[in-house]
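Trainee: sequence and computational prediction follow.
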Amino acid sequence: MEPDPRLAVETHPDVYGPGEDSRLLLRAVEVRPGERVLEVGTGTGYVALHAAKVATVVATDVNPHAVALARRNAIANRLPLAVVRCDQLRGLRGPFDAIAFNPPYLIEEIGGDWAARAWQGGAAGDDLILRFLREAAARLAPGGRIYVIVPAGRARPQAAARERFAVRVAAEMPLFFERLLALELTVPG
């Protein structure tokens, strides 16, 4: 999807705001009219709001500030968006035609305030990505797609993705400290 400059996205100090990685994920995600879409860890709702222009969208976040902010952003943009407070996919049934996730991936134990948690990927930096990859296929509709951001240097999540899915690099972006991949995952037929 292409960014819509008319979309108003309010930010909050306790919520991860749209950054380069969010824009990378947006570029990678393909959403077709009428599809059912899920954005996990929505933050401000940036990707979910773009998808809600053409699809039925559910957005989740564990951060209560993010849930409230994504709802406000949906109302401000007059877009239908269901926002649910939950930990990744917990409590969601699906199926979804497309699932998007820009996970925290810094090597840092999870804890502290909400602003810090937006960056913390666990002791190895890929704990949250690995959990998502284990659970996501069960929520995917036949022929559906998963889009997830993974640092290029992280072998474990890339290997875990290849074990479960057909993997395609949908987009990538070099940053000053690493290269990010936006992977498109599908269940092999």
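Mentor: On my side now, so go ahead. Numbers count the residues shown, from 1 in each chain.

Trainee: so how far is stretch 10-27 off the chain centroid?
Mentor: On the basis of CA atoms, centre = their mean, to the nearest Å, stretch 10-27 is displaced by 10 Å from the centre of the chain it belongs to.

Trainee: averaged pLDDT, it. What do you get?
Mentor: Averaging pLDDT along stretch 10-27 yields 95.

Trainee: pull the residues that contact that stretch.
Mentor: Under the contact criterion CB atoms under 8 Å, 6 or more residues apart in numbering, stretch 10-27 has outside partners 1-3, 9, 41, 43-44, 46-47, 50, 63, 65-66, 69, 72-73, 76, 100, 102, 113-115, 118-119, 147, 149, 170-173, 175, 180, 182. Every C-beta, even on glycine, is put in place using the N, C-alpha and C of the backbone.

Trainee: start and end of it, how far apart?
Mentor: 20 Å (CA to CA, to the nearest Å).

Trainee: contacts only, for the residue nearest to Arg71 when sequence neighbours are not counted.
Mentor: Once flanking residues are discounted, Arg71 sits nearest to Val83: 4.9 Å by CB to CB, 6 or more residues apart in numbering. Counting by CB under 8 Å, 6+ apart, Val83 touches Thr42, Gly45, Ala48, Val58, Ala59, Thr60, Asp61, Val67, Ala70, Arg71, Ala74.

Trainee: looking at those residues, which are in strands?
Mentor: Val58, Ala59, Thr60, Asp61 (DSSP state E).

Trainee: which one of those residues is nearest to Gly94?
Mentor: Val58 (9.3 Å; CB to CB).

Trainee: which is the next helix or strand following the strand or helix carrying the residue nearest to Arg71?
Mentor: Assigned by DSSP states H and E, Val83 belongs to strand 82-85. Where DSSP H and E defines the elements, the next helix or strand beyond strand 82-85 is strand 96-101.

Trainee: quick one: mean pLDDT for that following strand?
Mentor: On average, strand 96-101 scores 98.
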